[in-house]
Every structure is written in C-alpha cells, then in structure tokens.
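Novice: Structure, please.
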Amino acid sequence: MRVVKTQATSERSQHKKSAGILLYQRRPRLQVLLAHPGGPFWRRKDAGAWTIPKGEIEEGEDALAAARREFEEETGHRPQGAALDLGSLRQPSGKHVHVWAIEDDWDPAQLVSNTFRIEWPPHSGRMEAFPEIDRAAWFGLNAARKKILKGQIAFLDQLQTILAGKT
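Specialist: A predicted model of the protein is given here:
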C-alpha cells in the first residue's frame, strides 16, 4: 500500500484536531491505559506504536465531548470521572491533539472497538475490516514511555507533573 503525501495532504493534517482521554489509576503506583492500533500496518509493531485513545473533533464539537466519544467508540467504555486537562501537542504528522486524563479502573479485557475498512492485501480488490484498536493495556510510566508513540510522551510527563502537585 503506497501513500503519497502531497502539499494539500500536509496542509489538511496540520488543520486536523483530535482529542483523547488518557485513563490512569494508582494501584499502588501510577499506571496509564494505552491502546494498540489495529490493522495490518500495526500488527507486528509494539515499542513506540501504542497510543492514547483519540480521534478527530467534529465541526462545532466540544473537544472534551469529542475525547469522551472517541474513547467510547474505540474501547466500548465511556469514562465519567473528572477530567484533568493535559494540554495540546502538535504531532509529527502536523495534527494537533488535545488530551485529558481521567482516573478510572476500566478492565481492558472488556475492549469492544469500532472498525475501519481498507483494501487488504494491497491491490487485491478485497476490502477487509479491522478494529481501530486491537488491544489495550495498563502500563507503569516507565513502560508506557517505551510503548507510546514518541509524539505523545509529553502527555505522560504532564500527567505525572500534575499528579505530583496534588499530593
């Protein structure tokens, strides 16, 4: 599968905004929930491939509402707790991602993800469906820093800083 990046593609990704929820728990140490992207591209990738569940903010949609909606679409769980604002970061793709952290003890074994369709294998003419998220897991911060996409590590640092200030 070949992706051609044009100037128009780059400009569109710079204007896209996504919102996500980083679940965390303290049992007894701080852990965060990360999601592994589904689909054939991510199948054999682990370190540096996991992500905070997130998705695009729809036109006129409140960013936190979008983050809650996207988390539910990708995991089957809707976090209800108080949200800590972790801020916004520009990703290497140019997309801006805003993340909130919510304390929750959701069981990743309950994962039910929505799906997407792509032609697979490439040039085969066959459309295959894959889950957006194929698995989720709790990680301590040191392990999470190794698993998460490089552009999202700062969200882990921000959560740690905010929680250290609350103790």
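Novice: Could you verify my assumption that F155 touches V99?
Specialist: Yes - counting by Cβ atoms under 8 Å, F155 does reach V99; the two are 4.9 Å apart. (Each C-beta comes from the backbone N, C-alpha and C, glycine too.)
Novice: Need the residues touching each of these two.
Specialist: Both F155 and V99 are contacted by 22, 52, 86-87, 89, under the criterion Cβ atoms under 8 Å, 6 or more residues apart in numbering.
Novice: Report the buried members of those.
Specialist: By neighbour count, with 16 or more other Cβ atoms under 10 Å, those hold 22, 52, 86, 89 as buried.
Novice: Mind checking which of these are in helices?
Specialist: The helices, defined by DSSP state H, take in nothing from the buried ones among the shared contacts of F155 and V99.
Novice: Now render the residues you listed as JSON lines, adding distance to A63.
Specialist: Output for those, formatted as JSON lines (distance: Cβ to Cβ, whole Å):
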{"residue": "L22", "distance to A63": "14"}
{"residue": "I52", "distance to A63": "14"}
{"residue": "L86", "distance to A63": "12"}
{"residue": "L89", "distance to A63": "13"}
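Novice: closest to D105 among those?
Specialist: L22 (14.1 Å; Cβ to Cβ).
Novice: Output the one helix or strand A35 maps to as CSV, nothing but the C-alphas.
Specialist: Following DSSP states H and E, the helix or strand that holds A35 is strand 30-37. Output of strand 30-37 as CSV, limited to C-alpha atoms (Å, rounded to 0.1, in the frame of the first residue of the first chain):
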residue,chain,number,x,y,z
LEU,A,30,0.6,5.3,38.7
GLN,A,31,-0.5,3.4,35.6
VAL,A,32,-1.9,4.6,32.3
LEU,A,33,-4.0,2.8,29.8
LEU,A,34,-2.7,2.7,26.3
ALA,A,35,-4.3,1.3,23.1
HIS,A,36,-2.6,-0.6,20.3
PRO,A,37,-3.8,0.4,16.8
